[in-house]
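1. model the structure of this input:
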Amino acid sequence: MFKTFGAVDALTATTTDREDARRDWTVLLPFFNERDFLEGTLASLARQTEPPLVILIDNGSTDGSGAVARSACVRLRLAHVLLRETTPGKVAALASGFSLVSTPYVATCDADTWYPETYLATARAVLERDDRVAAGAYFVAADAGKWRRLGKALHIIAAAALLPGQCHAGGAGQVFRTSALRGAGGFDPTRWNMVLEDHEIMHRVRDHGRLGYHPDLWCAPAPRDRDRASTRWTLAERLCYHATTGWAGDWFFYGFLADRLAARRLSSERLRERAYQDCAPEALAA
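-> Below is the predicted model:
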């Protein structure tokens, strides 16, 4: 039995049991007020060579994002379920979506990110190599040249080789074996409801096996920056992460970092309180 958080409404579904039986991927796509970027993201997911079931989780949008997402999925003939999670925060949204996952693989995607058509196929190849339990994509502009992309790829691969137990990819580009993610407890705001949920979940999943990265596993977030105070960790916290991950990861997250983030009121809900610098939706490849 999986937990749900708040009032979760299944609003629409365009998939059948027979279709789901042939599907290997579920994409969890939480969003809050992202109507200008959702169509580009969903178009990229509709073009995947391994078609997913997309679980859309509307986390209380006030700009009609849910209707935009539903309309785009219908137009793109993209199999989807639309949920409304009333508990604010990305972790609660991911938890609600994950409770419906029945495919062997699951990806977490962001509503303002573009994914190349081989993204899920590449992710599967990485996960199946040496039975990896999770993998991460590096971020690069969709129109980046080969040298820029190579540089980004070499950076994440070198970092992973040097620090194999750490998370080197954000939540917009994380993929999992569903069994490993479920075995690690999945997304659970009663366990972790702070920012940096992408690092915390990778910390738990890595207890079930190795993490993977690959030069061909990448995605392209929209090039927009927050114009408010950062929700990232401090330099001291990051250095402590590097120093303790291999032997005291539980202490770092639950005995050290959680209290510090709570003192700064950096709960998962704070991720919704963002104002971005101007960035046209066209910056996200269609």
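2. the stretch 51-200 of the chain: strands as residue ranges?
-> 53-58, 80-85, 105-108, 113-114, 134-136, 138-139, 174-177 (DSSP state E, counting those that start in this stretch).
3. now do the fifth one: everything it contacts.
-> Read that as strand 134-136. Outside strand 134-136, the residues within contact range by C-beta atoms under 8 Å, 6 or more residues apart in numbering are 123, 126-127, 156, 167-170, 173-177, 180-181, 202, 205-206, 209, 211-214, 217. Glycine gets a C-beta too; all of them are placed from N, C-alpha and C.
4. compute the number of surrounding residues for the closest residue to Gly136 other than its chain neighbours.
-> Leaving aside its sequence neighbours, Gly136 sits nearest to Ala169 (C-beta to C-beta, 6 or more residues apart in numbering; 2.5 Å). Close neighbours of Ala169, defined as other C-beta atoms under 10 Å, add up to 25.
5. my guess is Gly249 meets His203, correct?
-> Yes - counting by C-beta atoms under 8 Å, Gly249 touches His203, with 5.1 Å between them.
6. of the two, who's got more company?
-> Of the pair Gly249 and His203, His203 is the one with more neighbours under other C-beta under 10 Å, namely 22 against 19.
7. and the more buried one, what element?
-> Here His203, judged by DSSP states H and E, is contained in helix 197-205.
8. what helices or strands is that helix leaning on?
-> If contacts are counted by 3 or more C-beta pairs under 8 Å, 6 or more residues apart in numbering; DSSP states H and E, helix 197-205 sits against helix 90-98, strand 134-136, strand 174-177, helix 178-183, helix 235-250.
9. what are the bridge partners for Phe176, then?
-> Phe176 forms beta bridges with Val106, Ala134, as assigned by DSSP bridges.
10. what about the stretch 101-250 of the chain, any weak spots by pLDDT?
-> Along the stretch 101-250 of the chain, the model assigns pLDDT under 70 to residues 224-230.
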